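> Sequence plus predicted model, see below.
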Amino acid sequence: MKEKLKKVLVWIFEFALFCGYFYVLFVNLVCGFGYGGISSRGQAIKILCASLFLAVGLPGLIWYQHRRLMKLENLLHDLFEICNKIK
């Protein structure tokens, strides 16, 4: 039960982190791309699409790398345990 609770809390934390990254990046990118002024609806849609793409892609990449590093750390820990048992 304790392990399930830990997994749920980790999932909630990672989801909140992803949403926070998304929000901050999206707002900053929209403001940055629209800094010179938005003159048409097409230009506004292009800015929103580019911001959405970047805001989803960057936190997704960070999340993937974080998960991969956690798996590698767990494998390394298991390897150390096996080596200690052999001695």
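That came through, no problem.

> report the longest helix in the chain, please.
Taking DSSP state H as the criterion, the chain has its longest helix at helix 41-86.

> Quick one: list the elements packing against that helix.
Applying 3 or more CB pairs under 8 Å, 6 or more residues apart in numbering; DSSP states H and E, one finds that helix 41-86 contacts helix 2-33. Just so you know, the C-beta spots here come from the backbone N, C-alpha and C atoms, and that holds for glycine as well.

> Can you give me the buried ones in the helix it packs on?
21, 22, 25, 26, 29, 30, 33 (16 or more other CB atoms under 10 Å).

> Which single one of these is nearest to residue 80?
residue 21 (32.3 Å; CB to CB).

> what's near enough to touch that closest one?
Neighbour list for residue 21: 55, 58, 59, 62 [criterion: CB atoms under 8 Å, 6 or more residues apart in numbering].

> what's the spacing between it and residue 29?
The spacing between residue 21 and residue 29, counted by CB to CB, to the nearest Å, is 12 Å.

> circling back: quick one: buried ones out of the contacts of residue 21?
Taking 16+ other CB under 10 Å as the criterion, what is buried in those is 55, 59.

> Using CSV, lay out the contacts of residue 21 together with distance to residue 49.
Output for the contacts of residue 21, formatted as CSV (distance: CB to CB, whole Å):
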residue, distance to residue 49
55, 11
58, 15
59, 17
62, 21
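
> Can you say which two of the contacts of residue 21 are spatially most distant?
Greatest spatial distance among the contacts of residue 21 (CB to CB): 55 and 62, at 11.8 Å.

> rewinding a little: anything in contact with each of residue 21 and residue 29?
Common neighbours of residue 21 and residue 29 are listed as residue 55 (criterion: CB under 8 Å, 6+ apart).

> quick one: contacts for residue 55?
21, 22, 25, 26, 29.

> out of the residues you listed, who's nearest residue 69?
Among the contacts of residue 55, residue 21 lies closest to residue 69 (CB to CB), at 16.7 Å.

> what's the distance between the closest one and residue 61?
In this view, residue 21 and residue 61 are 10 Å apart by CB to CB.
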